Each structure stands twice: as structure tokens, then as C-alpha cells.
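> following is a predicted model, sequence given first.
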Amino acid sequence: MARTALLCPTFFTPVGTAISHVRDMVPTWTPGLWMHQNESSGCCLIGNMHDISNFWFRHLEDDHVIIPGIEDATPWFSQSHAYGQECLDKFGAQLELIQSIQPSGADILAAASPSAPLHWVSLIILLDQLPRNCFRGAQARMVFTLFDKLAFEVASQALGSGIPMDRQVRFQLAQVLVIYANGTLREMWHDYEMLLEKAVEGWDGDFAYHRAVLLRRKDSFEKFRGTMRGICESKKDILRRFGRFPQRNDALGRPSTAEELQFLNERW
């Protein structure tokens with residue numbers, strides 16, 4: 001049988017051939033096809049999720065996974081053409097297949113069956129961050145109309161399942177930020193402030209180590225927190241003012257009001 005597992009890394013080459021082939025074979029969402037490859041040929045869904053997280057965090061040393069600096073986030077948010085092309089080369093076919101099949105968040109979770117916190121992080125990176133690097137300009141429409149919805153559904157399930165509090169990711173700020181980025185950051189910052197204030201006594205070795213890193217990188221933490229809070233407040237202000245994000249109007253085919261055009265000319 002042809003390789004048809006969405007999360008199978010060996011399936012997605014060459015891109016054009018893979019996408020056209022699957023579109024011909026799978027006109028509608030069929031979760032069984034995602035799982036068949038995993039069961040019949042040993043293609044590991046979990047292994048691919050590790051590929052995603054390894055790629056996304058590859059430039060971070062261990063201490064910077066715990067407390068990233070502003071400069072650590074540059075590859076993710078700088079809209080670099082080179083980085084976007086690399087994301088597209090590695091994961092573009094995967095994202096286009098999701099677009100073709102139009103699954104729900106529940107379908108994604110049923111197919112991937114994440115069994116560890118980092119698997120959840122990888123899925124959210126796939127649905128939330130990678131599309132923003134792969135699809136820009138007119139193509140950004142699919143980010144706002146499809147992938148944001150899927151990412152929100154998966155992130156909400158992760159939050160509801162207590163994934164951010166799991167010891168494997170709880171104090172890995174670079175990783176847990178991925179989960180919280182779809183919603184409020186308040187709980188995350190509170191968690192880190194608690195860790196900063198807690199005495200080492202009564203904590204096991206893992207938490208003591210994380211606290212030691214946080215103390216060493218306190219300045220980086222404060223700068224990173226301040227920057228992220230500023231971004232969140234800016235987004236809230238835009239929503240309060242316009243009820244939507246005017247910078248998405250072109251991609252979504254929406255006409256801009258005079259006030260929005262003035263805002264876009266001033267900010268963008």
C-alpha cells in the first residue's frame with residue numbers, strides 16, 4: 001500500500017508527487033490511513049514528532065531551553081526567508097496534506113496519539129508555529145482559517161490535560177511557551193516566579209537544577225518575560241480597538257477601514 005501516514009517523515013518526498021498522490025487517494029478525512037503506515041511498516045509517529053521538536057529547538061543549549069533569551073527566539077519570529085524556506089522544505093508537504101484533508105483537532109490527536117509532553121509540544125509547533133514560517137503573504141490565509149483553529153484545539157486539550165505542569169516540560173520555558181502561546185501566559189509566569197522564590201530545600205534534584213539555572217539567567221528571564229508580555233498587551237490593544245487584527249485583512253480578503261489603513265501605515 002502507498003505510504004499515507006500524515007506524520008511519517010519518509011512519506012514526504014518529493015513534495016509535489018506526494019501531495020498530488022494523496023489528494024487523489026484521500027479526498028476526505030480518513031483517520032485509519034494515518035495509523036495504517038505506523039502499524040504496517042513500522043514508521044514511527046513519535047519519531048517524527050521528535051524530528052519537529054529537535055528542529056525547532058536545535059539552536060538552544062540546555063540552559064537556554066530552560067530560560068531562553070530574546071535572541072534565542074529570533075529564528076522563530078524574524079520572518080527570515082531562509083528559515084521559512086527550511087521549514088517549508090522539511091514540513092511543507094505535511095502542512096499541505098493537513099490542508100488537503102481538513103481534519104479537526106480531535107482527528108489530529110487521534111492519529112498522533114501523543115504519549116509524552118514533548119509530543120504535545122511538537123504537535124502544537126507543527127500546527128501553530130511552522131505554518132507561520134511556511135505560509136506568508138496571500139498564503140497566510142490558511143494559517144488563520146485552518147491551522148490556528150487546529151492549534152487552539154490541541155493546545156486547549158494539552159492545557160486541560162495538565163501537560164504544562166508535567167515535570168518533563170514544566171520548567172522548560174522554551175517548550176512550555178509553545179503550549180501557552182495560544183492563550184494566556186499568566187499561569188506560566190506565575191510558575192516561574194514561584195520557582196525563583198522557592199528555597200531549594202524540599203525540592204528534588206531536577207527542580208533544584210532548574211532553579212539554579214533560573215537564578216543564573218534571571219536577567220534573561222526578566223527581559224524575555226517583559227518582551228512576551230509586551231507582545232500580548234499589544235495584541236490585546238489591537239483587538240480592543242478594532243475587534244480583529246487588521247494586518248490579516250489582505251490575506252483574508254477583508255476590506256480595511258480608514259482607521260485600520262492608518263494603523264497599518266503607521267505600524268507596518
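Looks like it arrived, so ask away. Numbering: from 1, shown residues only.
> can you show me the helices along the stretch 1-150 of the chain?
Secondary structure of the stretch 1-150 of the chain, counting by DSSP state H, counting those that start in this stretch: helices at 15-25, 31-41, 45-56, 62-66, 74-77, 81-101, 105-112, 117-124, 130-134, 141-142, 148-160.
> give me the mean pLDDT for the first one.
Read that as helix 15-25. Taken as a whole, helix 15-25 has a mean pLDDT of 37.
> repeat that for the shortest one.
Per-residue confidence for helix 141-142 averages out to 92 on the pLDDT scale.
> what comes into contact with it?
For helix 141-142, the surrounding residues in contact (Cβ atoms under 8 Å, 6 or more residues apart in numbering) are 99, 131, 135, 251-253. Placement of C-beta: from N, CA and C, glycine included.
> got it, and the fifth one?
Applying Cβ under 8 Å, 6+ apart, the contact partners of helix 74-77 are 56, 59, 83, 129, 133.
> distance check, D166 against A155.
15 Å (Cβ to Cβ, to the nearest Å).
> of the two, who's got more company?
Higher neighbour count among D166 and A155: A155, with 25 against 15, using other Cβ atoms under 10 Å.
> surely the more buried one and L126 touch.
No - using Cβ atoms under 8 Å, A155 is not in contact with L126; the gap is 11.7 Å.
> among the contacts of helix 74-77, which one lies nearest to P103?
Nearest to P103, judged by Cβ to Cβ, of those is Q129 at 18.3 Å.
> return the residues in contact with the closest one.
56, 76, 178 are the contacts of Q129 under Cβ under 8 Å, 6+ apart.
> burial count for the nearest residue to N133 once chain neighbours are set aside?
Excluding the flanking residues, the one nearest N133 by Cβ to Cβ, 6 or more residues apart in numbering is C87, at 4.2 Å. Neighbourhood size, C87 [other Cβ under 10 Å]: 23.
> sticking with L177, tell me its helix or strand.
Remark: L177 resides in helix 173-180, with elements defined by DSSP states H and E.
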